[in-house]
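[1] Any chance you could fold what I've pasted below:
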Amino acid sequence: MGNRKTVFITGAAAGIGRATALNFAAKGYVVGAYDIDSAGLQSLADEIGRLGATIVTGHLDVTDSDEMARCVNEFTTQTEGRLDVMINNAGILLAGRFQEIDVAAQLKEIDVNTKGVVNGLYAAFPYLQATARSTVVNLASASAIYGQAELATYSATKFFVRGITEALDIEWGRYGIRVIAIWPLYVQTAMTHGISTGTTKSLGIQLTAQDVADAIVAALEPSRLRRAVHQVHFPVGDQTTFMMTSSRFIPAWLSRLLNKRLAQA
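    Numbers count the residues shown, from 1 in each chain. Below you'll find the predicted structure:
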């Protein structure tokens, strides 16, 4: 496997992670697919096997730093130490008014969405450093453009993802590691099933998991212009692109007003 590109994906059993794993398998990567959903991983392994690609799977609770380190080590042992792409995809989304969501559930959301990313970054670093032109892909969100009503804690975790992506893209550049963030709006996955907020009513749920998976692959092969400007954040879909672009030019008070209206608050 040493001459083949490799990718390690957290939260790979379903949704964006699964679609991303299939994309990379189709491109000939050795895929490391990890999740707490063993049945979903087995189904994914069967599907990738039918493509004639190579997949390594394993149970992974991203909040457990020891298990993360063990999984990354076990995967790279099979790839002769090579790790071209690390994708921190695993996440939880809770929607509703802040005070009405159980605090234990919110703390778990923080653990998965932030500590899970830290654990993945820390465990992957030595293998990324040892692999030429390696890349980290962190799953951010349009909710990190401006704090979102009815998604307060989720939105805050994605601001964390935004910050650590920007910082490590600078810090790890000396090691030849590129660190980027993918920014979708609402995506049609189990994560958003049954969710109804002001913004879902205003904007709808337009994106599919495949849209995001395709955006991840495209971000790994940026255009000459994107390489020249060293693009770090990659919006997915027209809605997110418009919102990200607008946020750079409008004052904070107007951003607040627009977000308040979208949230129907």
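[2] Over stretch 117-126, what's the mean pLDDT, rounded is fine.
    Across stretch 117-126, the average pLDDT comes to 98.
[3] mind checking how far that stretch is from the chain centre?
    14 Å (C-alpha atoms, centre = their mean, to the nearest Å).
[4] Okay, buried residues for it please.
    Residues of stretch 117-126 classed as buried by neighbour count (16 or more other C-beta atoms under 10 Å): 117-121, 123-125. Quick note: C-beta positions are derived from backbone N, CA and C, even for glycine.
[5] In helices only, show me those residues.
    Among the buried residues of stretch 117-126, the members found in helices (DSSP state H) are 117-121, 123-125.
[6] By residue count, which helix of the chain is the longest?
    Assigned via DSSP H, the chain shows its longest helix as helix 152-171.
[7] Which strands or helices does it pack on?
    Secondary-structure packing of helix 152-171 (3 or more C-beta pairs under 8 Å, 6 or more residues apart in numbering; DSSP states H and E): helix 103-110, helix 116-129, strand 134-139, strand 177-183.
[8] now do 7 Å
    Judged by 3 or more C-beta pairs under 7 Å, 6 or more residues apart in numbering; DSSP states H and E, the packing partners of helix 152-171 are helix 103-110, helix 116-129, strand 177-183.
[9] and that helix, what's its mean pLDDT?
    pLDDT averaged over helix 152-171 gives 98.
[10] just how off-centre is it within its chain?
    11 Å.
[11] Which parts of it count as buried, going by neighbours?
    152-162, 164-165, 168-169.
[12] what's the lowest-mean-pLDDT helix or strand in the chain in contact with?
    Least confident element among the helices and strands of the chain, by mean pLDDT, DSSP states H and E: helix 198-203 (a mean of 81). Taking contacts as C-beta atoms under 7 Å, 6 or more residues apart in numbering, the residues outside helix 198-203 that touch it are 148-150, 185-186, 239, 262-265.
[13] Tell me the helix or strand right after that helix.
    strand 207-208 (DSSP states H and E).
[14] Export the buried residues of stretch 117-126 as TSV, with columns for distance to Asp46.
    What follows is the buried residues of stretch 117-126, written out as TSV (distance: C-beta to C-beta, whole Å):
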residue	distance to Asp46
Val117	29
Val118	32
Asn119	28
Gly120	25
Leu121	30
Ala123	27
Ala124	26
Phe125	32
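[15] Which member of these is positioned nearest Ala215?
    Comparing those against Ala215 with C-beta to C-beta picks out Val117 as the nearest, at 18.3 Å.
[16] residues in contact with the spatially closest residue to His233 that is not a sequence neighbour?
    Excluding its sequence neighbours, the residue lying closest to His233 (C-beta to C-beta, 6 or more residues apart in numbering) is Ala181, at 5.2 Å. Ala181 sits next to 138, 140, 161-162, 165, 232-234 when contact means C-beta under 7 Å, 6+ apart.
[17] sorry, back to before: from the buried residues of helix 152-171, which is closest to Ala39?
    Minimum distance to Ala39 across these is 25.8 Å, recorded for Tyr154 (C-beta to C-beta).
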